[in-house]
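1. model the following, please.
(chains A and B)
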Amino acid sequence: MPNRFRMPVRSLTRRSLAAAALAVAMLCGGFLFAEVKTTDPVTLRVRDIGKGLKCQCGCSYTVADCNMLYCHFRDPVSQDIREAVVAGLSTPDILSKIYAKYGEMLRTEPVAVGFGAVGWAMPFAALALGLVIAPFVVKRWRANQHAAETASTPVKLDESAVRRYEAEIEKDLANDD
Amino acid sequence: MAIHPPMLYLGYVGFAVPFAFAMASLITRQPGDRWIRTTRVWTMVTWMFQSIGILLGMVWAYSVLGWGGYWGWDPVENASLLPWITGTAFLHSVMMQEKKGMLKVWNIVLVSATFFLCIFGTMLTRSGLVSSVHAFAQSNIGDYFVWFLPLGVAMTTWLILNRLDFLKSEAQLDSVLSRESSFLFNNVILLASCFAVLWGTLFPVISEAATGDKITVGAPFFNKVNIPIAMLLMLLTGVGPLFAWRRTSAESLKRNFLWPSVASLVIGVGLYFIGLNHLYAWVTVVLCLFVAITIAVEFFRGSRVLQRKQNKSLIPAMVELTHRNTRRYGGYVVHMGMVFMFIGFAGSAFNQMGQAEMNPGDTLQVGDYEFTMKELKEDRTETYETAVATMEIKQDGELLGELHPEQRIYTTGREPQPTGLPAIRRRLNRDVYIVFAGFTRDGKTPIMQAYINPLTTWVWIGGWVLVFGTLIALIPSKIKRIAPKTRVVGVVEKEATVAEQV
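-> Below you'll find the model as predicted:
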């Protein structure tokens, strides 16, 4: 390739830096303008409470997020929440009222008592168990390595031989994944 | 979008092949990793199809069906994610077997788990075991899977236990700080994430069986459980590739970690002061920056060496570097795709939504956006009735343009079938998304929902980068390594013996 078609390294580095800065600026822009500016406080509260209730139209979303056309469930529940908010009820009272009317299956997450607590604990217990077992596995692998090393007779190698073998191994492994 | 189900189908069905090879190697008592080498490309292609299938499902939910979001933790969505997670763990851990002869039993377990999770996913979709938005796929065929699943798991478990002697690993580790350790922890975290999704999906069934009461779980539960696990995974995505095989020296650790850590933290502090003040989103973005910087540095360092050696400019040197070891650098591109996706996920912490009954002339305010309905057109075709709204969008008083959300009611079926066609203004920093959510009960006033979704486009960019990276990894490397497994097996009197295993 003729030299005039080559991009000078310094210029490319500058371009890369500029591209990286632009990408960061775009990300910053996304978050900068993402602040919530409240409009109607009642609507916002209805939405917040709705986020804690599972819609029963089969959509898997919450009452606040369901946007299925003509959802038979979202609108009456939202209306009940709105009436309770306007009446001045607290969030726990509103939720109790909704659960009493529509059933406990509206909960989006288990209550952390009884079997519900097991529901919360199990995923983290599984992670913790894995993170406890993994170091033991590593320790066992290290012990195997140690046993293999001590099984062979240790000898003194001259520095150049050691370097030669190290270089050979590094060469093999350098480009590995 | 019609290819979303076939892509998932290819993913589900494709995982049967590495599983079949694994079982065949056990049945015929073949030691070694030949089955892994034979099925490596197939497994990667299958994983790619599964990824595309999941991605298209997300695009479908968001861009076509107008569900407002791209992931609702629906049981059938989860069912497609489960084998993808174990498949990802498998693609990482097979490298341990190929290069070091380690994790032989584990790899058989992983490929079996992936296959049976595919069966489980099919069972979940077709049996109606748990209620789902995908309930249209229910049929009697689900019963066969209910029987096949435990039978298959029992037989596979018996076979693995019976052949344990053939699966003895050469499990040795020079140092805790090594690529081998990072792969092990990567597998632990991926499996924990898989378990969390499976547990949440089946919890209504399990709780009903255990207590008699069905305890439902929704997106908030899955998010609370999976976000911390995903953040750990993102950390390992950045840290893992920086460890060398066998051992990593303190000097190399410092060289590789210092600047990416400092740079990502400094940018993170800057982002905090300009409004990124949601804890999970902040941590996710900082981790993403860390991973992105480490990947960029890896590419840059390798390319500079080639650039100097071959007197090439940087971009051709980067292409050459990637071509020399497509699996490694393709893997980095896949990781970069995950970084972009996680940035998109972090953006969802700042989503805003507003809903209003609107007639022409009415205005809805969401954040600093103002939506005004200018016009409503209703029409009828042979197959559907349609209503299209013209919504004018302003941001801080400045006119941005118009969007045209639509509602259709198809009238050719047994029952009228309503569907919404969202209108989206996509930008890299945020989407403005409007859904025509129907009419009020009297049928006179349209209901409009407007969303401001920051950074959602990065989810799609990340998805396609992930697919691109997989395609790179599928290209044969330019330099064939004939001695992928070199280890010192002993030291004799005068000279060490270097044994090479092909």
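2. quick one: the helices in chain A, in order.
-> Using DSSP state H, the helices of chain A run over A:9-32, A:41-50, A:74-86, A:91-102, A:115-151, A:159-174.
3. sorry, wrong one. I was asking about chain B.
-> Under the criterion DSSP H, helices of chain B are mapped to B:4-14, B:16-27, B:34-59, B:75-100, B:104-127, B:142-162, B:179-211, B:219-239, B:250-273, B:279-310, B:314-324, B:326-347, B:456-474.
4. on that earlier part again, for residue B:174, find the nearest of the helices of chain A.
-> helix A:115-151 (6.0 Å; C-beta to C-beta). All C-beta atoms are positioned from the backbone trio N, CA, C, and that covers glycine.
5. now that closest one against helix B:219-239, angle please.
-> 20 degrees (axes from the mean of the first three to the mean of the last three C-alpha atoms, to 10 degrees).
6. please verify my assumption that residue B:103 contacts residue B:95.
-> No. Look at residue B:103 against residue B:95 with C-beta atoms under 8 Å: they stay out of range, at 9.3 Å.
7. returning to that earlier point: any chance of the helices of chain B in a markdown table, with distance to chain A, mean neighbour count and mean pLDDT too?
-> Listed next are the helices of chain B as a markdown table, based on distance: least, C-beta to the nearest C-beta, whole Å; neighbours: other C-beta atoms under 10 Å in any protein chain shown; pLDDT from 0 to 100:
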| stretch | distance to chain A | mean neighbour count | mean pLDDT |
| --- | --- | --- | --- |
| helix B:4-14 | 17 | 19 | 93 |
| helix B:16-27 | 18 | 18 | 94 |
| helix B:34-59 | 11 | 20 | 94 |
| helix B:75-100 | 6 | 23 | 92 |
| helix B:104-127 | 10 | 23 | 91 |
| helix B:142-162 | 17 | 13 | 91 |
| helix B:179-211 | 4 | 21 | 92 |
| helix B:219-239 | 4 | 20 | 91 |
| helix B:250-273 | 6 | 14 | 89 |
| helix B:279-310 | 7 | 19 | 91 |
| helix B:314-324 | 5 | 18 | 91 |
| helix B:326-347 | 4 | 23 | 94 |
| helix B:456-474 | 8 | 20 | 96 |
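8. any chance of JSON lines for those helices, columns distance to residue A:108?
-> JSON lines is the format used below for the helices of chain B (distance: least, C-beta to C-beta, whole Å):
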{"stretch": "helix B:4-14", "distance to residue A:108": "26"}
{"stretch": "helix B:16-27", "distance to residue A:108": "35"}
{"stretch": "helix B:34-59", "distance to residue A:108": "21"}
{"stretch": "helix B:75-100", "distance to residue A:108": "14"}
{"stretch": "helix B:104-127", "distance to residue A:108": "20"}
{"stretch": "helix B:142-162", "distance to residue A:108": "26"}
{"stretch": "helix B:179-211", "distance to residue A:108": "11"}
{"stretch": "helix B:219-239", "distance to residue A:108": "5"}
{"stretch": "helix B:250-273", "distance to residue A:108": "29"}
{"stretch": "helix B:279-310", "distance to residue A:108": "17"}
{"stretch": "helix B:314-324", "distance to residue A:108": "44"}
{"stretch": "helix B:326-347", "distance to residue A:108": "19"}
{"stretch": "helix B:456-474", "distance to residue A:108": "22"}
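9. out of the ones you listed, which is closest to residue B:65?
-> Of all the helices of chain B, helix B:34-59 sits nearest to residue B:65, with 10.0 Å by C-beta to C-beta.
10. what angle sits between that closest one and helix B:75-100?
-> Using the same axes, to 10 degrees: helix B:34-59 against helix B:75-100 is 150 degrees.
11. point to the helix or strand of chain A where mean pLDDT is at its lowest.
-> Ranking every helix and strand in chain A by mean pLDDT, DSSP states H and E puts helix A:9-32 at the bottom, with a mean of 56.
12. picking up where we left off before, any idea which of the helices of chain A scores lowest on pLDDT?
-> Note on the helices of chain A: lowest mean pLDDT is at helix A:9-32, with a mean of 56.
13. now do stretch B:208-225: distance to the chain's middle.
-> 23 Å (C-alpha atoms, centre = their mean, to the nearest Å).
14. with stretch B:393-402 instead?
-> That offset, for stretch B:393-402, works out to 35 Å (C-alpha atoms, centre = their mean).
15. mind listing what's buried in it?
-> B:393, B:394 (16 or more other C-beta atoms under 10 Å in any protein chain shown).
16. could you report the distance from residue A:87 to residue A:80?
-> As judged by C-beta to C-beta, to the nearest Å, residue A:87 and residue A:80 stand 11 Å apart.
17. so those two - more neighbours on which side?
-> residue A:80 (17 against 9; other C-beta atoms under 10 Å in any protein chain shown).
18. what residues are up against that one?
-> A:97, A:98, A:101 (C-beta atoms under 8 Å, 6 or more residues apart in numbering or on different chains).
19. next one: residue B:1
-> B:56, B:59, B:60, B:64.
20. and the third one, what's its pLDDT?
-> As summarised for this prediction, residue B:60 has a pLDDT of 89.
21. which residues does the nearest residue to residue B:36 once chain neighbours are set aside contact?
-> Leaving out its chain neighbours, the residue that sits closest to residue B:36 by C-beta to C-beta, 6 or more residues apart in numbering or on different chains is residue B:94, at 5.0 Å. Applying C-beta under 8 Å, 6+ apart to residue B:94 gives the contacts B:33, B:36, B:40, B:43, B:107.
22. how about residue A:72?
-> residue A:57.
23. now it: how far from residue A:55?
-> Distance from residue A:72 to residue A:55, by C-beta to C-beta: 10 Å.
24. now swap in residue B:382 and tell me
-> Taking C-beta to C-beta, one finds residue B:382 at 33 Å from residue A:55.
25. neighbour count winner among these two?
-> Taking other C-beta under 10 Å, residue B:382 and residue A:55 do not tie; residue A:55 has more neighbours (25 against 6).
26. dihedrals phi and psi, the more buried one?
-> phi -70, psi 140 (degrees, to the nearest 10).
27. what about it, distance to chain B?
-> Distance check for residue A:55 against chain B: by C-beta to the nearest C-beta, to the nearest Å, it reads 9 Å.
28. check residue A:141 too.
-> 4 Å.
29. contacts only, for residue B:196.
-> A:123, A:126, A:127, B:222, B:225, B:226, B:229 are the contacts of residue B:196 under C-beta under 8 Å, 6+ apart.
30. how about these in TSV, adding distance to residue B:144?
-> Formatted as TSV, those follow (distance: C-beta to C-beta, whole Å):
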residue	distance to residue B:144
A:123	30
A:126	30
A:127	34
B:222	29
B:225	32
B:226	31
B:229	33
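31. nearest to residue A:44 among those?
-> residue B:222 (24.0 Å).
32. return the residues in contact with the residue nearest to the closest one when sequence neighbours are not counted.
-> Distances taken as C-beta to C-beta, 6+ apart put residue B:73 closest to residue B:222, at 4.2 Å, once the chain neighbours are dropped. Under the criterion of C-beta under 8 Å, 6+ apart, the neighbours of residue B:73 are A:60, B:200, B:218, B:219, B:222, B:223.
33. got a pLDDT number for residue 33?
-> As the question left the chain open, I've gone with chain A. 45.
34. right idea, wrong chain: chain B
-> 80.
35. and it, how many neighbours?
-> Residue B:33: 19 surrounding residues under other C-beta under 10 Å.
36. that one and residue B:97 touch, don't they?
-> Yes. Applying C-beta under 8 Å, one finds residue B:33 in contact with residue B:97, separated by 4.8 Å.
37. now do the shared contacts for those two.
-> Between them, residue B:33 and residue B:97 share the contacting residues residue B:104, judged by C-beta under 8 Å, 6+ apart.
38. good, we can wrap up now.
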